[in-house]
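[1] Based on what follows, work out the 3D shape:
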Amino acid sequence: MTAHEPESVHDAVGAYALGVLDDADASAFETHLAGCEVCAAHLDEFSGMEPLLALLAEAPAGQ
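    I've put the predicted structure just below:
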């Protein structure tokens, strides 16, 4: 992972779900994901959150 490497590869699941990892980091995480039930479960929990987060990002400050 890069200079912004998470403390643990498990911490990358949120960034992966949001699609903000670069290609190399995403590939490394996918390799990890193939054998990690914890990250697979977290990814399932995070799936579908992108639209909600986008709505929150677009909301005016103070609301």
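[2] And the pLDDT for Ala12?
    Note on Ala12: pLDDT of 91.
[3] again, but for Asp23
    96.
[4] count of neighbours near it?
    7 (other C-beta atoms under 10 Å). In short, each C-beta sits where N, CA and C put it, glycine included.
[5] Repeat that for Cys36.
    There are 16 residues near Cys36, going by other C-beta under 10 Å.
[6] With adjacent residues omitted, what lies nearest to it?
    His10 (7.3 Å; C-beta to C-beta, 6 or more residues apart in numbering).
[7] any idea how far His32 is from the one you found?
    Separation of His10 from His32 (C-beta to C-beta, to the nearest Å) stands at 8 Å.
[8] same question, Ala17
    Applying C-beta to C-beta to Ala17 and His32 gives a distance of 14 Å.
[9] ok, the two, which is more surrounded?
    Between Ala17 and His32, counted using other C-beta under 10 Å, Ala17 has the larger neighbour count: 19 against 15.
[10] outside of the helix or strand hosting the more buried one, which residues touch it?
    In this assignment (DSSP states H and E), Ala17 forms part of helix 13-18. Contact partners of helix 13-18, identified using C-beta atoms under 8 Å, 6 or more residues apart in numbering, comprise 6, 21, 25-26, 29-30, 33, 39, 42-43, 46-47, 49-50, 53.
[11] Check which residues of stretch 31-40 are buried.
    Residues of stretch 31-40 classed as buried: 33, 36, 39 (neighbour count, 16 or more other C-beta atoms under 10 Å).
[12] Using PDB, write out the CA atom coordinates for it.
    What follows is stretch 31-40 as a C-alpha-only set of coordinates in PDB (Å, rounded to 0.1, in the frame of the first residue of the first chain):
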ATOM      1  CA  THR A  31      -5.800 -10.400  -3.000                       C
ATOM      2  CA  HIS A  32      -6.300 -10.000   0.700                       C
ATOM      3  CA  LEU A  33     -10.100 -10.100   0.400                       C
ATOM      4  CA  ALA A  34     -10.000 -13.500  -1.400                       C
ATOM      5  CA  GLY A  35      -8.900 -15.100   1.900                       C
ATOM      6  CA  CYS A  36     -10.300 -12.900   4.600                       C
ATOM      7  CA  GLU A  37     -13.800 -13.600   5.900                       C
ATOM      8  CA  VAL A  38     -13.700 -10.500   8.200                       C
ATOM      9  CA  CYS A  39     -13.100  -8.100   5.300                       C
ATOM     10  CA  ALA A  40     -15.700  -9.900   3.100                       C
END
